[in-house]
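**Q** next input, structure requested:
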Amino acid sequence: MGIYVYMLRCADKSLYVGSATGDDLSPRINQHNTGAFPGYTYNRRPVVLVWSEHFDRITDGIAAERQIKGWSRAKKEALIKSDWQTVSRFARRRGGAPRARPVTDDPSPSS
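**A** The predicted structure is shown next:
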């Protein structure tokens with residue numbers, strides 16, 4: 001069965017990240033567009049599917065959904081375009097380069 005993680009572009013140009021179990025994502029997108037449930041997309045219709053990925057394990061999909069929801073808009077836009085170089089650039093720690101391990105002259109392990 002699995003789970004889809006998906007991203008919608010709403011009428012107001014905002015992005016919505018969600019997930020849906022099953023093998024077919026189209027019924028869930030239709031629910032967003034018909035306003036079947038109140039929520040973020042209800043007053044931002046119509047919505048358009050701009051990205052999705054299927055996960056065999058539901059726990060992996062939920063983890064991906066949570067991670068993507070925390071991303072900046074620029075990083076989400078890069079994901080939509082499959083621009084992996086830009087996604088990688090945005091993956092670096094905010095405020096600069098990744099942390100480097102301190103270099104010491106003493107090669108022996110510290111106790």
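**Q** distance check, the residue nearest the centre of the chain against E77.
**A** In the chain, the centroid-proximal residue (Cα atoms, centre = their mean) is I68; its distance is 2.5 Å. As judged by Cβ to Cβ, to the nearest Å, I68 and E77 stand 12 Å apart. Bear in mind the C-beta positions are built from the backbone N, C-alpha and C, glycine included.
**Q** for K76, list the residues it contacts.
**A** M7, L15, V17, I68 (Cβ atoms under 8 Å, 6 or more residues apart in numbering).
**Q** please repeat the previous calculation with a cut-off of 6 Å.
**A** Residues counted as contacts of K76 (Cβ atoms under 6 Å, 6 or more residues apart in numbering) are L15.
**Q** how about the one 10 residues further on?
**A** With contacts defined as Cβ under 6 Å, 6+ apart, the neighbours of T86 are A78.
**Q** what of S26?
**A** Counting by Cβ under 6 Å, 6+ apart, S26 makes contact with nothing.
**Q** next, give phi and psi for it.
**A** The phi and psi values for S26, taken as degrees, to the nearest 10, are phi -60, psi -40.
**Q** one more: the one 10 residues further on?
**A** Comment: the main-chain dihedrals of A36 come out as phi -60, psi -30, following degrees, to the nearest 10.
**Q** now do F37
**A** phi -130, psi 140.
**Q** for it, which non-adjacent residue is spatially closest?
**A** Once flanking residues are discounted, F37 sits nearest to Q31: 6.4 Å by Cβ to Cβ, 6 or more residues apart in numbering.
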